[in-house]
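1. Sequence and computational prediction follow.
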Amino acid sequence: MLVLLLGLLACVVLAVVAVGSLLNVPNQMAGGVGSQLGGAAASAQRVVSSAQQAIQDATDPTHPPTGLSYDTEFSALQTWHTGDRLPDATNYTFTLQAIHRRDGATTPETALYAVVHAELRQPRETRILGQVIHADSDPHDYVLYAGQSFRIGRALYRVNWVSQEDNAMAAGIYRNPDHVSAALVFAYD
């Protein structure tokens, strides 16, 4: 029964393809009616092919998923919550300080941002006669949106998502950082 259905479906697909190719000739010559019939034939062909795919999916339980887009440029995904420390650079430490919502954002990617605080591990000290008169930790705050990239040490990251509900940010580590040409929000060795 299933083989008979598949055979019938294949015949219908062939007929739709044949009619569609015949309608392309009037489409180029006459314009109007040919283009309407060609559009109808194309939509019928899409319906038939989706029905064929549904039948194949129903009969093969190990079929691969369709419509997925694969992202092979990351080797890991790290998640940090507010207050967590990111990996350290040679002289600096980084902390996820806060997650904020931006008023008037037009897309979900620009509605939320993370604030990363950077400061020296060991503050720079100014001494006179052995006494510390000034200490500077060189603090910086950086704003990161989903899709932006940054570098700490040898690892190059791209922010994957920012969540106010989880009070967290996740960033993927690029597998091949030498092939990345994205602008960096910040970079520390």
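-> Good, I have the coordinates.
2. Distance check, residue 81 against residue 189.
-> 26 Å (Cβ to Cβ, to the nearest Å). Glycine gets a C-beta too; all of them are placed from N, C-alpha and C.
3. tell me, how many neighbours does residue 81 end up with?
-> Neighbourhood size, residue 81 [other Cβ atoms under 10 Å]: 12.
4. what's the closest non-adjacent residue to the most centrally placed residue in the chain?
-> The centroid of the chain falls nearest to residue 160 when counting by Cα atoms, centre = their mean (6.4 Å). In this structure, residue 160 finds its nearest non-sequential neighbour in residue 170, 4.7 Å apart by Cβ to Cβ, 6 or more residues apart in numbering.
5. What strands line up against the helix or strand harbouring the residue nearest to the centre of the chain, and which way round?
-> In this assignment (DSSP states H and E), residue 160 forms part of strand 155-163. Sheet pairing of strand 155-163 (DSSP bridges) gives strand 149-152 (antiparallel), strand 168-174 (antiparallel).
6. ranges for the helices of this protein?
-> Along the chain, counting by DSSP state H, helices occupy 2-29, 32-59, 108-111.
7. Give me the contacts around the strand holding residue 160.
-> 74, 77-78, 87, 99, 112-114, 144-151, 168-174, 177, 180, 182, 184 (Cβ atoms under 8 Å, 6 or more residues apart in numbering).
8. Of these, just the buried ones, PyMOL syntax please.
-> In PyMOL, this line selects whichever of the contacts of strand 155-163 come out buried by 16 or more other Cβ atoms under 10 Å:
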select buried, resi 99+112+113+114+144+145+146+148+149+150+151+168+169+170+171+172+173+174
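9. The residue nearest to the centre of the chain and residue 59, how far apart?
-> 36 Å.
10. How many residues are close by residue 187?
-> The tally of other residues near residue 187 (other Cβ under 10 Å) stands at 12.
11. pLDDT score assigned to it?
-> The per-residue pLDDT reported for residue 187 equals 95.
12. if we can go back for a sec, identify the bridge partners of the residue nearest to residue 160.
-> residue 79, residue 161.
13. thinking it is in contact with residue 79, fair?
-> Yes - Residue 170 lies in contact with residue 79 (Cβ atoms under 8 Å); the separation is 4.4 Å.
14. Could you tell me which residues touch both of those two?
-> With Cβ under 8 Å, 6+ apart applied, the contact sets of residue 170 and residue 79 do not overlap.
15. ok now stretch 145-158, how far from the chain's centre?
-> 14 Å (Cα atoms, centre = their mean, to the nearest Å).
16. So for it, first residue to last residue, what's the gap.
-> 9 Å (Cα to Cα, to the nearest Å).
17. Show me what counts as buried in stretch 121-141.
-> For stretch 121-141, it's none, nothing buried (16+ other Cβ under 10 Å).
18. again with stretch 99-110
-> residue 99.
19. average model confidence for it?
-> If you average the pLDDT over stretch 99-110, you get 86.
20. first to last residue in it, what's the distance?
-> This stretch, stretch 99-110, spans 12 Å end to end (Cα to Cα).
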